[in-house]
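Undergrad: make a model of this:
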Amino acid sequence: MLTLDFVLFSSNSKLGDMMPRFFVCYDIKKTTPDPHPVLLDLANDYGFDVWLTMEDGEIKRLPNTTLVGSFPLVEEALNAFKKLVAATAKKIGQPVVVEKVLTIKSAGARLRSDKKKRKTDALRLIELVKKSRG
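TA: Numbering: from 1, shown residues only. Predicted structure coming up:
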């Protein structure tokens, strides 16, 4: 069972904090071969990530069928997802059927996740500088 609590986090996106952040939650039809691993492998190429950097710099994994990315408008986030699905279908050589998709602008979120990444050296250095300044 997935539990989500909501509070603001910092951006993982290459595009930075200047654009709104959107979550895309989706269900895709189970087929053989399974398109999901390929979709996740291609996600970064279309502006999405499966990892989220929290306010404290901790990096957490989103739920399995959720992506996050920064785009100017919700329509652009959805279009990027559609392009990602098309690229996935091309790579596996068969259609990918999206059964459900929800694209939503982040109003702030806190994520509880069982998977975490190490903080980057830059984030650890920033934390040390902040602590030393009191």
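
Undergrad: doesn't residue 48 make contact with residue 24?
TA: Yes: counting by C-beta atoms under 8 Å, residue 48 is a contact partner of residue 24 at 7.0 Å. C-betas here are computed from N, CA, C, even on glycine.

Undergrad: now do the shared contacts for these two.
TA: When contacts are counted by C-beta atoms under 8 Å, 6 or more residues apart in numbering, residue 24 and residue 48 have 67, 68, 69, 81 as shared neighbours.

Undergrad: nearest residue to the last one in space, please, no chain neighbours.
TA: Looking back up the chat, that one is residue 81. residue 24 (4.9 Å; C-beta to C-beta, 6 or more residues apart in numbering).

Undergrad: okay, the top helix by length along the chain in PDB with CA atoms only?
TA: The residue-count maximum for a helix in the chain (DSSP state H) belongs to helix 74-92. Output of helix 74-92 as PDB, limited to C-alpha atoms (Å, rounded to 0.1, in the frame of the first residue of the first chain):
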ATOM      1  CA  VAL A  74       0.400  21.000 -18.100                       C
ATOM      2  CA  GLU A  75      -0.300  20.400 -21.800                       C
ATOM      3  CA  GLU A  76       3.500  20.300 -22.500                       C
ATOM      4  CA  ALA A  77       4.000  17.800 -19.700                       C
ATOM      5  CA  LEU A  78       1.300  15.600 -21.100                       C
ATOM      6  CA  ASN A  79       2.700  16.000 -24.600                       C
ATOM      7  CA  ALA A  80       6.100  15.000 -23.400                       C
ATOM      8  CA  PHE A  81       4.600  11.900 -21.800                       C
ATOM      9  CA  LYS A  82       2.800  11.000 -25.000                       C
ATOM     10  CA  LYS A  83       6.200  11.300 -26.900                       C
ATOM     11  CA  LEU A  84       7.800   9.100 -24.200                       C
ATOM     12  CA  VAL A  85       5.100   6.500 -24.700                       C
ATOM     13  CA  ALA A  86       5.500   6.600 -28.500                       C
ATOM     14  CA  ALA A  87       9.300   6.300 -28.200                       C
ATOM     15  CA  THR A  88       8.800   3.300 -25.900                       C
ATOM     16  CA  ALA A  89       6.500   1.700 -28.400                       C
ATOM     17  CA  LYS A  90       9.000   2.200 -31.200                       C
ATOM     18  CA  LYS A  91      11.800   0.800 -29.100                       C
ATOM     19  CA  ILE A  92       9.900  -2.400 -28.100                       C
END
